[in-house]
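sequence unknown, structure follows:
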């Protein structure tokens, strides 16, 4: 974990409530796709944890959804402003076990960390398939960005306004060697039940400190309780215990 100051180079809307922010700074502690950063905002006691969408040569990209006071404040930040950011948080995805044709499944703001993951898998020569799930057409983002990487991309929307109607599980009837996923817990649970291989699941959880001190984001696994921020956010499929 490292505390650094980053300069905002871009902060633009992707749709009505999802924004893309690009920053310049020390990214050396970001070592795996699926990690997150923790952003300090003026007047806010707790930092805001945001997953890393992309990271390359001192440039950091994050995508966030405006859901409360903190992210509402973030959307009004301007180019050139500086942010105090903790980097290198979380374990991230392990790409060494993906096989030749991994499947990436993202829902809503669970989509961004899969972009850096897809980049890494493509660079390793893997054939990557991606399923992106949203509520409606107006919420869809990053479809073309994944296609530009060389991924096969399927879009599903709950209301059927774009792509396939339904949920991400509607497009899981493809051949894949391994799966990676990130999204809301009901989606993760559905993917878990329908998946036919081993995989890694990144959990979205409310966090206090972001680095394991407060125990506020603990979840139950076969090895006991683990902290989403420190021991996760990525968990192996076989270690998860779902609570009804």
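Looks like it came in fine. Since the structure is predicted, the reported quantities are computational estimates derived from the model, not experimental observations. Residues are numbered from 1 along each chain as shown.

so how far is residue 44 from residue 187?
28 Å (Cβ to Cβ, to the nearest Å). From N, CA and C alone the C-beta is placed, and that goes for glycine too.

residue 75 now?
Counting by Cβ to Cβ, the gap from residue 75 to residue 44 is 14 Å.

looking at the two, which is more packed in?
residue 75 (16 against 12; other Cβ atoms under 10 Å).

I'd like to know how many residues surround residue 84.
Counted with other Cβ under 10 Å, residue 84 comes out at 14.

show me where the chain has its helices.
In the chain, the segments counted as helices under DSSP state H are 69-75, 112-123, 143-149, 185-194.

so for residue 158, which of the ones you listed sits nearest?
helix 185-194 (10.8 Å; Cβ to Cβ).

circling back to that earlier point, tell me which of the helices of the chain sits most buried.
Ranked by mean neighbour count under mean count of other Cβ atoms under 10 Å, the helices of the chain are led by helix 112-123, which reaches a mean of 23.

tell me which residue of the protein is furthest from the middle?
residue 43 (26.0 Å; Cα atoms, centre = their mean).

what's near enough to touch the residue lying closest to that one once chain neighbours are set aside?
Excluding the flanking residues, the one nearest residue 43 by Cβ to Cβ, 6 or more residues apart in numbering is residue 73, at 7.8 Å. By Cβ atoms under 8 Å, 6 or more residues apart in numbering, residue 73 lies in contact with 41-44.

and for residue 31?
With Cβ under 8 Å, 6+ apart, residue 31 has these contacts: 88, 92.

what is the end-to-end distance of stretch 41-58?
Start-to-end span of stretch 41-58 (Cα to Cα, to the nearest Å) is 21 Å.

average pLDDT across it?
Here stretch 41-58 scores 93 as its mean pLDDT.

so what does the nearest residue in space to residue 67 that is not next to it in sequence look like in phi/psi?
Excluding its sequence neighbours, the residue lying closest to residue 67 (Cβ to Cβ, 6+ apart) is residue 17, at 7.8 Å. Backbone geometry at residue 17, expressed as degrees, to the nearest 10, gives phi -140, psi 10.

ok, residue 17 touching residue 68?
No - assessed by Cβ atoms under 8 Å, residue 17 is found out of contact with residue 68, at 11.2 Å.

these two: who's more crowded?
Counted by other Cβ under 10 Å, residue 17 and residue 68 do not tie: residue 17 has more neighbours, with 16 against 9.

how much space between the more buried one and residue 142?
Applying Cβ to Cβ to residue 17 and residue 142 gives a distance of 15 Å.
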